[in-house]
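# Structure for this input, please:
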Amino acid sequence: MSPRDLLGIVVRATGLTFILFGCFDLFHLVAKVLGLDAYYSQYSAGLTALGFVFWSVSGVAIIVFAKEIVRFAYWREPLP
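Residues are numbered from 1 along each chain as shown. Below you'll find the model as predicted:
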């Protein structure tokens, strides 16, 4: 396995982590709307929804463009 392949795995894992952060915000948003979330209440529902959108869109974009990100990092090597 080449370093290029390992970077691709790391980039995709980062995208999945971002999507997981988005799911975490979605969970807290639903709990906040239902009135069940007293611990996480220092943020408004709008800010929590914005966090959900940011993390989810960022994670999906990273996964979709993972090959281009790796190609940008290894621009001098020929494509396989």
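# Output the below-cut-off pLDDT ranges for this protein.
37-41, 77-80 (pLDDT under 70).
# Buried residues, whichever helix in it runs longest. List them.
In the chain, with assignment by DSSP state H, the single longest helix is helix 3-34. Residues of helix 3-34 classed as buried by neighbour count (16 or more other Cβ atoms under 10 Å): 8, 11-12, 14-15, 18-19, 21-22, 25-26, 28-29, 31-32. Any C-beta I mention is one placed from the backbone N, CA and C, and that applies to glycine too.
# So which of those is the closest to residue 51?
Of all these, residue 25 has the smallest distance to residue 51: 4.3 Å, by Cβ to Cβ.
# What does residue 35 show for phi and psi?
Backbone torsions of residue 35, given as degrees, to the nearest 10, read phi 80, psi 20.
# That one: neighbour count?
8 (other Cβ atoms under 10 Å).
# and the spatially most central residue of the chain, what is it in contact with?
The residue lying closest to the centre of the chain (Cα atoms, centre = their mean) is residue 18, at 1.9 Å. Listed by Cβ atoms under 8 Å, 6 or more residues apart in numbering, the contact partners of residue 18 are 55-56, 58-59, 62.
# how much space is there between it and residue 35?
28 Å (Cβ to Cβ, to the nearest Å).
# Also residue 47?
17 Å.
# Same question for residue 3.
Taking Cβ to Cβ, one finds residue 3 at 50 Å from residue 35.
# Equivalent analysis for residue 24, please.
Taking Cβ to Cβ, one finds residue 24 at 19 Å from residue 35.
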